[in-house]
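Q: Based on what follows, work out the 3D shape:
(one chain, ligands or ions: 3)
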Amino acid sequence: TIILGIETSCDETAVAVVRNGREILANVVSSQIESHKRFGGVVPEIASRHHVEQITYVLEEAFNQSNTTWEKIDGIAVTEGPGLVGALLVGVNAAKALAFAKQKPLVGVHHIAGHIYANRLEKEFEFPLLALIVSGGHTELVLMQEHGEYELIGETRDDAAGEAYDKVARMLNLPYPGGPQIDRLAELGQETITFPRAWLEQDSYDFSFSGLKSSVINTIHNAKQRGEELKKEDIAASFQASVIDVLTTKTVRAAKDFNVKQVIVAGGVAANKGLRNALETSFAELNIPLLIPPFKLCTDNAAMIAAAGTIAFEQGKRSELSLNARASLPLK
Ligand code: ATP
Ligand code: MG
Ligand code: FE
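A: Ligands and ions are numbered 1, 2, ... in the order given. Got it, this is the predicted structure:
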């Protein structure tokens, strides 16, 4: 099976061609980060316009790279949500137009299912499987008993991990996106400040990062009022230590509680070096196989959408040409 994937949920225009859900034939990503940088975040209107301008070029490039022709494409998978609705619409409409014109089956894919399936481009899944999703908009623990079945066992009650990174980075006057900047500074600093860890109820797999964010902001503010200048590196290291501690501890507890055969990590924050190291150490000790995608597959791309879409196609799922973009969409 060869599936064409299309992803436009946020600020990356992406098209990919994937064989059998595991082999990347092409993975083209056009990032808009430069256009949004001066606004300190993604501007939805600008994102939509960029997608419209880029999509045909990105599609053409994906065909060039993969040496594929339309005859070889078995289906089209597109991110239907969640995300920015104006951005999603560009991908959904492109996918519908192509499905109609080329007479190919179409399937809508959940963006987070895509992040999860980025891992399968590296290694075959083994169930039960626990997925830690840490992205710009999501922080979730998902249990999978089989392909295409997702049970949400925990999620953030306020900010997503990536959102917290971006907000703290903004406080430190670091350029957008803040995650990689904090990651870089944290390596150079020490945990000189003990920021709070939001453990929530004893048996909860939920997360909360807004208290931590406020604590960082207050600490910076109070130091300034005392005329003290805290080292950015130390703030970054201290903030990151709190995030990693909570993410790692809860993921380890869930992996043990559900006796999983594999743990996978997905989403942009999975690119974080400190988090990768902490998870690798913990799961090596426990002897539970851990899978973290290479950097390029952690952030938004269309190979992951094609990978998740392949499973949907194999399970007989199809979308009508009335498929619509959905700003919010539950994972199921
Ligand atoms: P969602 O997938 O929830 O819709 P999104 O697609 O915007 O959100 P991703 O593209 O998966 O999110 O990830 C982007 C996020 O990852 C940003 O918040 C960014 O700061 C963060 N991020 C990227 N690299 C790193 C890093 N090395 N350390 C920490 N955070 C990082
Ligand atoms: Mg993004
Ligand atoms: Fe994403």
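
Q: So for the closest residue to ligand 3 within the stretch 101-250 of the chain, what pLDDT did the model give?
A: Using Cβ to the ion, the closest approach of the stretch 101-250 of the chain to ligand 3 is made by residue 135 at 4.6 Å. In short, each C-beta sits where N, CA and C put it, glycine included. Residue 135 carries a pLDDT score of 94 in this model.

Q: List the residues that contact it.
A: Contacts for residue 135 (Cβ atoms under 8 Å, 6 or more residues apart in numbering) come out as 112, 115, 160, 161, 162, 266, 267, 268, 269.

Q: Would you mind listing what in the stretch 1-150 of the chain touches ligand 3?
A: For the stretch 1-150 of the chain, the residues in contact with ligand 3 (Cβ under 5 Å from the ion) are residue 135.

Q: that older thread, close to ligand 1 as well: tell me which of the contacts of residue 135 qualify.
A: Filtering the contacts of residue 135 for proximity to ligand 1 by Cβ under 6 Å from any ligand atom leaves 115, 162, 267, 268, 269.

Q: nearest to residue 240, of these?
A: Set against residue 240, the nearest of those by Cβ to Cβ is residue 269 (10.4 Å).

Q: so the closest one makes contact with residue 134?
A: Yes - using Cβ atoms under 8 Å, residue 269 is in contact with residue 134, at 3.7 Å.

Q: what do the two both touch?
A: With Cβ under 8 Å, 6+ apart as the test, residue 269 and residue 134 both reach 161, 162, 275.

Q: Can I get those in TSV including secondary structure?
A: TSV is the format used below for the shared contacts of residue 269 and residue 134 (DSSP: H, G, I helix; E, B strand; the rest coil):
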residue	secondary structure
161	helix
162	helix
275	helix
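
Q: Which of these sits closest to residue 81?
A: residue 162 (17.8 Å).

Q: Near that closest one, how many other residues are there?
A: Neighbour count for residue 162, taken as other Cβ atoms under 10 Å: 25.

Q: Can you tell me the closest non-neighbouring residue to it?
A: Leaving aside its chain neighbours, residue 162 sits nearest to residue 136 (3.9 Å; criterion: Cβ to Cβ, 6 or more residues apart in numbering).

Q: List the residues that contact that neighbour.
A: Here residue 136 is in contact with 10, 160, 162, 163, 166, 177, 267, 268 (criterion: Cβ under 8 Å, 6+ apart).
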